[in-house]
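Colleague: let's see this in three dimensions:
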Amino acid sequence: MSLLKLRRRPEPVVALSERDRHLVWRLAALLLDYPHERTLAMLDDLSSATAELPGTVRPHLDGFLDHLRAGSPIALAQQYVETFDMRRRASLHLTFYAYGDTRKRGMALLRFKHAYRQAGVELGDEELPDHLPVLLEFAATVDPIGGERLLGEHVPVLELLRLSLSDSGSPYAGILTAVTSTLPPVTTADRRRIAELAAQGPPEEEVGLEPFAMDPLAFAGSEARR
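Modeller: Numbers count the residues shown, from 1 in each chain. Here you go, the predicted model:
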């Protein structure tokens with residue numbers, strides 16, 4: 001992605017309420033996850049929930065819901081894989097941008113795991129804790145303060161992901177715009193960090209994540225993820 005395309009994200013006219021922020025996180029957690037049949041069956045309910053949001057953020061989610069309605073399950077699943085699993089600059093794993101699959105990433109992942117454990121929940125080994133839908137679900141339903149802190153710490157990564165999706169014309173860009181509208185504006189330091197991450201790309205050393213040990217438990221009430 002060209003650094004010349006670093007541009008300001010749309011800023012909300014008014015700050016979102018606490019309730020609205022949590023609702024955006026919950027909706028985004030569902031919409032950024034793999035498009036399972038159960039999610040596609042909830043589109044009317046998701047539209048009703050989105051309708052409760054202010055006009056500054058609602059169109060970003062409504063546009064994606066329209067996209068889901070128009071696509072076949074097979075095409076939507078293929079698009080998801082092509083968007084997030086095949087492109088290194090559009091990973092939903094937040095620590096991947098800075099550390100790739102290197103040993104240093106294991107310590108960064110522990111930062112997430114510790115926050116979850118402090119809130120009294122444990123993740124199973126079916127998903128790494130820096131997966132954005134996991135973090136958004138945690139922030140929306142378990143620990144809004146701790147979840148928002150982790151989201152805020154990764155504003156440069158979230159903004160880089162938004163830019164990458166926007167540049168490729170992905171319908172998922174609207175969801176990232178909605179998520180970033182719930183967080184503090186990008187600062188000058190954030191922009192420097194975004195430029196660094198965009199220029200360097202994720203490290204390519206493939207060493208595995210053996211130092212990071214996941215516990216065999218999952219969010220209470222959560223279903224296994226893809």
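
Colleague: ignoring the adjacent residues along the chain, who's closest to the residue nearest the centre of the chain?
Modeller: Centre of the chain computed as the mean C-alpha position; nearest residue by C-alpha atoms, centre = their mean is Leu132, 3.3 Å away. Nearest residue to Leu132, sequence neighbours excluded (C-beta to C-beta, 6 or more residues apart in numbering): Leu92, at 4.4 Å. For every residue, glycine as well, the C-beta is placed using N, CA and C.

Colleague: contacting residues around that neighbour?
Modeller: In this structure, Leu92 makes contact with Leu32, Phe84, His131, Leu132, Pro133, Leu161, judged by C-beta atoms under 8 Å, 6 or more residues apart in numbering.

Colleague: again, only this time at 7 Å
Modeller: Leu32, Phe84, His131, Leu132, Pro133 (C-beta atoms under 7 Å, 6 or more residues apart in numbering).

Colleague: same question for Leu43.
Modeller: Leu43 touches Leu65, Leu68, Arg69, counting by C-beta under 7 Å, 6+ apart.

Colleague: can you tell me which of the contacts of Leu92 is nearest Lys104?
Modeller: Lowest distance from Lys104 to the contacts of Leu92 (C-beta to C-beta) belongs to His131, with 18.1 Å.

Colleague: separation between that closest one and Arg69?
Modeller: His131 sits 25 Å away from Arg69, taking C-beta to C-beta, to the nearest Å as the criterion.

Colleague: between the contacts of Leu43, which is closest to Ser170?
Modeller: Minimum distance to Ser170 across the contacts of Leu43 is 13.3 Å, recorded for Leu68 (C-beta to C-beta).

Colleague: isn't the closest one up against Leu40?
Modeller: Yes: checked against C-beta atoms under 7 Å, the pair Leu68 and Leu40 is within contact range at 6.4 Å.

Colleague: so between those two, which is more surrounded?
Modeller: Taking other C-beta atoms under 10 Å, Leu68 and Leu40 do not tie; Leu68 has more neighbours (18 against 15).

Colleague: am I right that that one is in a helix?
Modeller: Yes: with DSSP: H, G, I helix; E, B strand; the rest coil as the criterion, Leu68 is located in a helix.
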